[in-house]
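Chemist: I need the structure of the sequence given here:
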Amino acid sequence: MTSWPPSGSHGAERLGRFDRPSLTANRKPDRTVRPKPESALTEYVAPRNEVEGALCDIFAEVLGFDRVGIEDDFFALGGDSLSTVRVAQQGQRFGFEIQPLHVFHWPTPLLLAMNITMHPEPSGAGLQSPGLVTLSAQRHLSTPTFVFASTLSGSATPYLPLVRRLPGCSMGLVAPGLWPAESPATSIQGLASYFRDCLEGLPTRSLALIGWSFGAPVAYELGCLLPEAHSIFLVDPLLPNARAIDPENVLGYWRWLFGQYGVDVAQEDLAGHPTGLPDRMVELWPAPGFLVNSSVDAKRRFMLLHKAHRLAMSTYTPTRSSRRIHLILAGVTSPRFNIADTVARWHALADVGGTVVLDAAHADLLEEPGVAGVAQFILSRL
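Modeler: Down below sits the predicted model:
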């Protein structure tokens, strides 16, 4: 492995790279160069070992910063799909086998260092999800290990703002199907069973299961399979919705999904591909930021996982159990959503130990300031 740190790498104070304008070969201001989002840098946390140091160097070189801390987010600093390829290429200098998808799952040097060490993956089309990833490796004697169930996208990274507010160790569960060599789970219980196997060997009594939105019923079913788990927290959980997707009208689902992004497509436009998603339609889809510039196959895989999870919700029949759960609900909802009905349905399924309604919308529960209330409630119930 290349030695670390190189001379002067992390000792000097960071200087703004764009304090003076960039110039073209003709010594004129280069209008194509945009300032890097330096405000997205977190309070600098220095690397603690040579792996973290090498990854900080790689991030800084690829993104154009003088230094990057171990908690700085690659995409918040301006990274995109193309630059994840450069990270993978630069990693070869240090003997790392980094794939671009690794950076999507673990977007900070801290997370990437922990997980490429713990979960070395084969390269190419055989790449599989590690299933269980480390989000925070802190140790705290008075708190359990927090386990976050994957979101609708299949990833656990949306939980990172909450992870930062909780003491102790945090693990994330990554759904099968997000990586090339896997097929998505076909049911909520099937996904929970997959995650139970991922957690094999961990002390069950020390696990606090947390799920938001789609991840909430997954966390609940996982808790039913792990009766000795410490606690279960459901953050604004989705409930079974037969209208989420009609199994007999999958093409209609794609029309609905495109419509959510303001793209109107005719049903005949979706014909001509085994998945109902010809290349021209995948390219038309306004993909989430982390998929911008990704390959058509990567976007299609993400869309198929999205469909599989919504289909699983439409056919989901919750397990009745005596497990104690805690509910954290969004108080800012659409007129069609009835909070009292949600609470009543969960009371009919399990033993609801505590409920809090926060003054935030569904998506804001994992962002500041809403996430502060979520963390406060979780810590009060441990």
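
Chemist: for the rest of this, base every contact and every neighbour count on C-alpha atoms.
Modeler: Will do.

Chemist: quick one, longest strand in this structure?
Modeler: Looking across the chain with DSSP state E, the single longest strand is strand 351-361.

Chemist: what helices or strands is it leaning on?
Modeler: Other helices and strands packing on strand 351-361, by 3 or more CA pairs under 8 Å, 6 or more residues apart in numbering; DSSP states H and E, are strand 324-332, helix 370-380.

Chemist: pLDDT weak spots in the stretch 1-150 of the chain?
Modeler: 1-42, 117-130, 137, 139-141 (pLDDT under 70).

Chemist: ok, the residue nearest the centre of the chain - contacts?
Modeler: Note on the chain: the residue nearest the mean C-alpha position is residue 157, at 2.5 Å, using CA atoms, centre = their mean. Residue 157 sits next to 105, 106, 172 when contact means CA atoms under 8 Å, 6 or more residues apart in numbering.

Chemist: how close does residue 93 get to residue 46?
Modeler: Per CA to CA, to the nearest Å, residue 93 is found 21 Å from residue 46.

Chemist: which of those two has more neighbours?
Modeler: Neighbour count, other CA atoms under 10 Å: between residue 93 and residue 46, residue 46 has more, with 16 against 13.

Chemist: which SSE is that one in?
Modeler: Assessed by DSSP states H and E, residue 46 sits outside every helix and strand.

Chemist: can I get the longest strand of the chain in CSV? Just the C-alpha atoms.
Modeler: Only the C-alpha atoms of strand 351-361 are listed here, as CSV (Å, rounded to 0.1, in the frame of the first residue of the first chain):
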residue,chain,number,x,y,z
ASP,A,351,-48.2,-3.4,21.6
VAL,A,352,-47.7,0.4,21.0
GLY,A,353,-45.5,1.6,23.8
GLY,A,354,-45.2,5.2,22.9
THR,A,355,-46.3,7.6,20.2
VAL,A,356,-45.2,11.1,19.3
VAL,A,357,-46.4,13.4,16.5
LEU,A,358,-43.8,15.9,15.3
ASP,A,359,-44.4,19.2,13.5
ALA,A,360,-42.8,18.1,10.3
ALA,A,361,-43.6,16.5,6.9
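
Chemist: just the angle between that strand and strand 324-332, please?
Modeler: 20 degrees (axes from the mean of the first three to the mean of the last three CA atoms, to 10 degrees).

Chemist: tell me the mean pLDDT over strand 351-361?
Modeler: For strand 351-361, mean pLDDT rounds to 94.

Chemist: cool, stretch 279-294 as well?
Modeler: Here stretch 279-294 scores 62 as its mean pLDDT.

Chemist: outline the domain layout of the protein.
Modeler: 1-121, 125-240+316-382, 250-314 (automatic domain parsing).

Chemist: could you identify which of those is most buried?
Modeler: domain 125-240+316-382 (a mean of 19; mean count of other CA atoms under 10 Å).

Chemist: in the stretch 51-200 of the chain, mark out all the helices, start to finish.
Modeler: In the stretch 51-200 of the chain, the helices defined using DSSP state H, counting those that start in this stretch lie at 81-91, 100-105, 109-118, 160-163, 188-198.

Chemist: likewise the stretch 251-382 of the chain?
Modeler: Counting by DSSP H, counting those that start in this stretch, the stretch 251-382 of the chain has helices at residues 279-284, 296-314, 339-349, 370-380.

Chemist: returning to that earlier point: tell me the one of the contacts of residue 157 nearest residue 71?
Modeler: Taking CA to CA as the measure, residue 71 lies nearest residue 106 of these, at 10.6 Å.
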